[in-house]
Structures are given as C-alpha cells and as structure tokens.
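Peer 1: Here's my sequence, what's the structure:
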Amino acid sequence: MTASRKGFWGVFVIFLSFLSLAGAQSPSPGETGSAEKEVASGNTAARPGSLKSPVTPFEPPNYPKLGEVVAVKWNSSWWAGRILEVRPNQRFQITYLGWGDSWNEEVGLDRLGLSAEAAEISEQLKNPSAGNGRTPVRPVRGGPEVGQEAPGFEIKTTDDKTIQLADYRGKYVLLDFWATWCGPCTGETPNLKAVYEEFGKREDFVMIGLSLDQDKEKPIAYAKEKGTQWIDGFLGDWGKDEVTKKYGVRGIPSIWLIGPDGKVVAKDLRGEGISEAVKKALGEKKS
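Peer 2: Here you go, the predicted structure:
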C-alpha cells in the first residue's frame with residue numbers, strides 16, 4: 001500500500017472514531033423521547049448535571065418530602081431536582097435545577113436518591129451567599145403564576161376556526177397543552193373526559209385543547225377515536241409556537257384553569273386534581 005493510501009485510511013479511521021464518540025454521549029433531560037421541551041442550547045453547559053458524589057436510595061419510611069432537593073437519575077447521570085408534589089404510588093413531580101433554567105417531570109421513587117451535592121445545592125438555595133459562587137436557579141418556567149393575568153392568544157382550531165382566549169371572558173377556561181405523541185398527555189384523557197362529562201354543558205365553563213402535534217390530522221384522528229368533544233386548538237410545531245412561550249410551558253401535559261376575570265386560578269393540574277380544581281372553582285362562583 002502506498003504512503004498516500006495509508007494516510008487516507010488513517011484520516012478515515014480517525015473520522016469514524018470521532019462520529020462514534022459523538023453518538024455515544026448521553027442525552028440530557030429534554031433530549032430524549034419524554035414530553036419535555038429542550039432548553040435553549042446556550043444554557044446546556046450551565047446545568048448541574050452528572051452529580052459526582054455517591055447517591056444512596058431512599059428507604060421506608062424516609063421517602064422524599066415536599067420541597068426537598070434530591071438526586072434524580074436520567075439514563076446514566078444524576079441531576080439535582082426539587083420535589084414539587086408527592087403523588088400516589090410513589091410518584092413525584094420534580095423540577096430539575098439548572099443554574100439559569102429549570103424544567104419539570106414526573107418520576108418514580110426508583111429514580112430518586114440522596115447525595116451530598118444535592119444537600120449542598122439545597123443549602124445554597126436557602127443561602128445564595130454559599131455554594132462556591134454559583135448563581136442561584138431562577139423560578140421554574142417564567143410563565144404567569146396563580147392570581148396573575150393569563151396571556152391572551154389567537155389560534156386556529158383543527159376545523160380551521162379562529163378563536164381567542166378573550167372570546168371566553170366571563171367563563172372558566174380549562175386549557176390543556178398536549179400532543180398525541182406524549183404518553184403522559186394521552187394518559188390524562190380519561191380525567192379530562194370525566195371533567196367534560198360533568199361540567200362541559202355549563203354555560204360558564206369551556207375546555208380547550210392546545211395540540212403541539214406537527215400534523216393537524218393527528219389530534220383530529222385522536223379526538224374521533226377517543227370521542228372527545230371539547231374545542232381542539234392547534235399550535236403545531238412546539239419550537240415555533242408563541243403561546244407556549246407566553247405561558248412558560250416546558251413540559252406537557254400542561255393544564256391550566258383560567259377564571260372569568262382572565263386570571264390564572266390553577267396550573268400544573270394532573271389526575272384527579274383537574275376535576276377537584278374545576279369543582280372548587282365552579283362551586284365558589286357567585287351566582
């Protein structure tokens with residue numbers, strides 16, 4: 001083999017090795033098939049991922065508690081996360097903590113643990129002057145909080161009608177950011193159907209689904225298959241949509257209840273909590 005051919009094959013092997021290493025990198029939360037939206041690429045280097053300290057599993061009866069900062073397993077890495085809600089069957093709603101950004105997910109007990117670094121991060125959040133000069137995390141999402149004005153929007157429905165949030169002023173509006181490709185979203189369909197069956201005929205209540213599918217035919221087919229009857233709004237490509245940005249939506253399903261005055265009554269609703277929030281709101285509505 002000539003020297004020039006040897007040189008060519010040497011460069012080719014190095015190139016293949018580079019591709020192999022690039023493909024072997026573990027994805028971070030939001031880069032897998034979960035229902036989490038990828039945080040802007042400019043923030044990825046600032047996340048406190050891959051905790052280095054040893055992680056020990058929780059043992060009964062000392063399970064994670066509301067507000068506690070814990071280690072959260074994602075593939076082969078451990079990340080810092082705070083417990084937002086403790087749910088039945090050892091399920092937990094957590095927010096991953098990033099130095100400049102945060103995002104939510106529901107996880108099982110098998111993916112949570114205790115670590116010295118998580119404890120350090122917890123102390124830093126209590127005392128920003130501690131923590132080796134790190135910048136404390138910003139509030140999750142950045143969308144409106146309960147009691148604040150819900151951002152207005154104008155969108156198309158799946159049957160090509162134009163609707164605005166302002167059209168429903170004076171009513172309670174249940175908004176569901178979802179997609180047919182999102183398992184947790186379709187898992188909420190029975191709960192949403194139960195709410196619609198109980199309250200859907202009321203004049204002071206309306207339900208609007210906001211689909212983030214790429215293809216409008218997907219939510220149309222899903223509604224036909226499941227027999228859902230509420231309004232189907234279509235947002236399309238999540239990366240280009242502006243409504244999710246206004247509401248600070250990073251993970252779906254993201255279910256909100258808006259009051260007759262246009263202010264947020266409840267957010268991050270899941271499971272039986274959807275029906276409970278609607279019942280409470282409608283029950284308290286003055287006649």
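Peer 1: For the stretch 151-287 of the chain, which segments count as helices?
Peer 2: For the stretch 151-287 of the chain, the helices defined by DSSP state H, counting those that start in this stretch occupy 183-187, 189-199, 217-226, 243-247, 272-284.
Peer 1: wait, which of those is closest to residue 157?
Peer 2: Among the helices of the stretch 151-287 of the chain, helix 217-226 comes nearest to residue 157, with 9.8 Å by Cβ to Cβ. Heads up, the C-betas are built off the backbone N, CA and C, glycines and all.
Peer 1: Which of the helices of the stretch 151-287 of the chain sits closest to residue 143?
Peer 2: helix 243-247 (4.5 Å).
Peer 1: Domain parsing of this structure, as residue ranges.
Peer 2: 41-126, 154-284 (automatic domain parsing).
Peer 1: could you redo these as CSV and give each row mean pLDDT?
Peer 2: Formatted as CSV, the domains of the chain follow (pLDDT from 0 to 100):
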stretch, mean pLDDT
domain 41-126, 76
domain 154-284, 93
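Peer 1: okay, the ones you listed in CSV with distance to residue 146 and mean neighbour count next?
Peer 2: Formatted as CSV, the domains of the chain follow (distance: least, Cβ to Cβ, whole Å; neighbours: other Cβ atoms under 10 Å):
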stretch, distance to residue 146, mean neighbour count
domain 41-126, 14, 17
domain 154-284, 5, 17
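Peer 1: Any chance of JSON lines for those domains, columns distance to residue 143?
Peer 2: Listed next are the domains of the chain as JSON lines, based on distance: least, Cβ to Cβ, whole Å:
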{"stretch": "domain 41-126", "distance to residue 143": "12"}
{"stretch": "domain 154-284", "distance to residue 143": "3"}
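Peer 1: looking at the ones you listed, which is closest to residue 144?
Peer 2: Comparing the domains of the chain under Cβ to Cβ, the one sitting nearest is domain 154-284, at 5.2 Å.
Peer 1: Would you mind getting the angle between the strand of greatest length in the chain and helix 272-284?
Peer 2: Secondary structure of the chain read by DSSP state E shows that its longest strand is strand 77-87. With axes from the mean of the first three to the mean of the last three Cα atoms, to 10 degrees defining the directions, strand 77-87 sits at 40 degrees from helix 272-284.
Peer 1: partners of strand 77-87, with directions?
Peer 2: Partners of strand 77-87 in the sheet, by DSSP bridges, are strand 69-74 (antiparallel), strand 91-97 (antiparallel).
Peer 1: So which of those strands is nearest residue 191?
Peer 2: Per Cβ to Cβ, nearest to residue 191 of the strands paired with strand 77-87: strand 91-97, 14.7 Å.
Peer 1: and the next element down the chain from the closest one?
Peer 2: Beyond strand 91-97 on the C-terminal side, the first helix or strand identified by DSSP states H and E is strand 102-108.
Peer 1: chain center to stretch 231-245: distance?
Peer 2: For stretch 231-245, the separation from the chain centroid amounts to 14 Å (computed by Cα atoms, centre = their mean, to the nearest Å).
Peer 1: what about that stretch, how long is it end to end?
Peer 2: 21 Å (Cα to Cα, to the nearest Å).
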